[in-house]
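> got a structure for you, letters missing:
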Ligand SMILES: O=C(O)CCC(=O)CC(=O)O
């Protein structure tokens, strides 16, 4: 399952892979692109049924990570850094567990070692299989952004554009994801970012990640909900650049 993807930035620069969240496309990372491509070759990818990736069913987060690794093996055989939001962050944690020698540095944004109950994800998957993503849009607005954030529209359009089966299959993958007992195995230096007002993956989830990963630091971003990278790029982009710069010097 090789995802639709896009490279930006200098071809010879060190690589950072950017993973999107459920319901968004690789354009989620547009606010960070200019800053990151000054130093890194940026590889962004789409989840199944999102953006340019065809829909698929019956996959796990581990399968998503395997697809990213196949993509990297084709284009970037060495080490890489990785930053992911939510489901994209779960893919990053999985890559750090599967390929510890490859992941030089990790950024986990608004994500979790376990995302709520499997039942809640199965219910969401069933709703979307029956009715599409339309019924989710207004409740998602208040999970993704704090009230009054003016830039929500383009991100909610990504959700509206997601293929129902692809979205539902990602929910199934989240239902089965639980790496709480494996966080101590993550070797990559990790920045954990939480939105202070994120109801989907609240700061308590970030505290579990930062407490369990041996070399982790935690940043809680004020005035941000689930898509903190989009709502507070002023804070988050600078933190990601600083972390990648510092840790790639330490580990390259
Ligand atoms: O955003 C994700 O990748 C998973 C968590 C989620 O779906 C947040 C939400 O829309 O409620």
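Received the coordinates, thanks. Since we're looking at a predicted model, the values are computed, not measured.

> host element of the spatially closest residue to residue 65 that is not a sequence neighbour?
Excluding the flanking residues, the one nearest residue 65 by Cβ to Cβ, 6 or more residues apart in numbering is residue 94, at 4.0 Å. Glycine gets a C-beta too; all of them are placed from N, C-alpha and C. Secondary structure from DSSP states H and E places residue 94 in helix 87-98.

> ok, back up a step: what's the residue nearest to residue 65 in contact with, if anything?
If you count contacts by Cβ atoms under 8 Å, 6 or more residues apart in numbering, residue 94 has them with 61-62, 64-65, 179.

> Top of those by number of neighbours, please.
Most neighbours among these, by other Cβ atoms under 10 Å: residue 64, with 26 neighbours.

> Can you tell me the closest non-neighbouring residue to that one?
Nearest one to residue 64, counting by Cβ to Cβ, 6+ apart, is residue 91 at 5.0 Å.

> And for residue 60?
According to Cβ to Cβ, 6+ apart, the nearest residue to residue 60 is residue 173 (5.3 Å).

> Doesn't that neighbour belong to a helix?
Yes: the assignment for residue 173 (DSSP: H, G, I helix; E, B strand; the rest coil) places it in a helix.

> Number of residues surrounding it?
Neighbour tally, residue 173, other Cβ under 10 Å: 25.

> go on, residue 123?
For residue 123, using other Cβ under 10 Å, the count is 13.

> Repeat that for residue 193.
Residue 193 has 30 nearby residues by other Cβ under 10 Å.

> quick one: the closest residue to residue 37 other than its chain neighbours and residue 3, what's the gap?
Using Cβ to Cβ, 6+ apart and skipping residues adjacent in sequence, the residue nearest residue 37 is residue 9, 3.5 Å away. Distance, residue 9 to residue 3, by Cβ to Cβ, to the nearest Å: 18 Å.
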